[in-house]
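> what follows is a protein structure lacking sequence information:
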C-alpha cells in the first residue's frame, strides 16, 4: 500500500517534467538520442530480472529520505526554472523508490539501468557552452592544419576558416558535441554488451571523447578541402549532412577498432568480478 502511494505521488509530481523532457528531445538535435535511452534502460533492467528476483528483498526507509530529497530538488528546480535539476531529480526519485520497496541488494542489481537514464537528460546550457566552444576551436585548428598540409591557402580567425573562394564557420552545430553525446551513449551500450570487464567498459565509453573530436576535426578539414575544389555546394546542403553521417559511422568503426586492440592487448577471459551474474530464480 505504501509503495503504491509513493509511486502515485511521483506520477503526480512529475506529470509535467516528463512531457517537457520528451519535448526537449524533439526540439534539440543534440539530444534526439534521448528517445532511445528509456527503452534501452528498460531492456537492461529486463535482462537482469532473474538476478533481481533471486536477490533477497527488504524495505529500507532511507529510500523515502532519498525520495524526499529528490522532491526538494524538484521544487528548487521549478522555483529557479532550472530544468536540469527537475529532470535529474526524477532519476533520484526512482532510485529512492526502488530502495524503499526492495532494499539495497536489489537496488544494486538495477543500479546500471538507473544510472544509464542520466544520458537522456540535457546538460545545463552553461555547461553545454563551456564544452561546445572549445570543441569548435579544436575542430577549427585541426581543420586548418590538415588544409595547410594539403597545400591549400587558409587563414583561421577563431572558429572561422577563410579560403580563397569561401569562408567556413565552425558553428556550434559543427563543434562535434552532438556526435560526442551520441558516441558516448553508443560507447556505454557497446561497452556493456561487447565486454564483460568493468574497466574495459569504462575505457570503451571514454574512448568516445577523443574519437568524436578526431572525427569531427577530420570532417571540418574534409569540408574545407572539398569547398576549395568544388565551391560552396560542397560545404552545405545534402553533401554537408551526408558527410556527417559518414563521419559518425567512421567514428563508431574507430571505437570497434579500439575494442579489438584492447582485446589483443588484454584478452577477455570471462566475466569479471564486477559483472552481474545471472542467478536462476528457482
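Yep, that arrived. No experiment lies behind these values; they were computed from the predicted model shown. Numbers count the residues shown, from 1 in each chain.
> quick one, strands of this protein?
Using DSSP state E, the strands of the chain run over residues 155-157, 160-162, 167-169.
> turn these into a markdown table, columns for mean pLDDT and mean neighbour count.
(Glycine included, C-beta is placed from N, CA and C.) A markdown table is the format used below for these (pLDDT from 0 to 100; neighbours: other CB atoms under 10 Å):
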| stretch | mean pLDDT | mean neighbour count |
| --- | --- | --- |
| strand 155-157 | 86 | 13 |
| strand 160-162 | 86 | 18 |
| strand 167-169 | 81 | 17 |
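> tabulate those strands (CSV), appending distance to residue 206.
Formatted as CSV, these follow (distance: least, CB to CB, whole Å):
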stretch, distance to residue 206
strand 155-157, 29
strand 160-162, 29
strand 167-169, 30
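> go through the ones you listed and name the closest to residue 30.
With distances scored as CB to CB, the stretch of the strands of the chain nearest to residue 30 is strand 167-169 (18.0 Å).
> what packs against the closest one?
Judged by 3 or more CB pairs under 8 Å, 6 or more residues apart in numbering; DSSP states H and E, strand 167-169 is in contact with strand 160-162, helix 208-230.
> any chance of these in TSV, plus distance to residue 74?
TSV is the format used below for the helices and strands packed on strand 167-169 (distance: least, CB to CB, whole Å):
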stretch	distance to residue 74
strand 160-162	42
helix 208-230	30
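> which one of those is the most hemmed in?
Comparing the helices and strands packed on strand 167-169 by mean neighbour count (mean count of other CB atoms under 10 Å), helix 208-230 comes out on top with a mean of 21.
> now do it, average pLDDT.
Averaging pLDDT along helix 208-230 yields 85.
> of the helices and strands packed on strand 167-169, which is nearest residue 21?
When these are compared by CB to CB, helix 208-230 sits nearest residue 21, at 22.8 Å.
> go through the helices and strands packed on strand 167-169 and name the closest to residue 150.
For those, the distance to residue 150 is smallest for helix 208-230, at 5.6 Å, taking CB to CB.
> and the spatially most central residue of the chain, what does it touch?
Nearest to the geometric centre of the chain sits residue 185, at 3.7 Å (CA atoms, centre = their mean). Residue 185 is in contact with 33, 36, 37, 119, counting by CB atoms under 8 Å, 6 or more residues apart in numbering.
> residue 167 now?
Residue 167 makes contacts with 160, 161, as judged by CB under 8 Å, 6+ apart.
> go with 10 Å
The contact partners of residue 167, by CB atoms under 10 Å, 6 or more residues apart in numbering, come to 155, 157, 160, 161, 227, 235.
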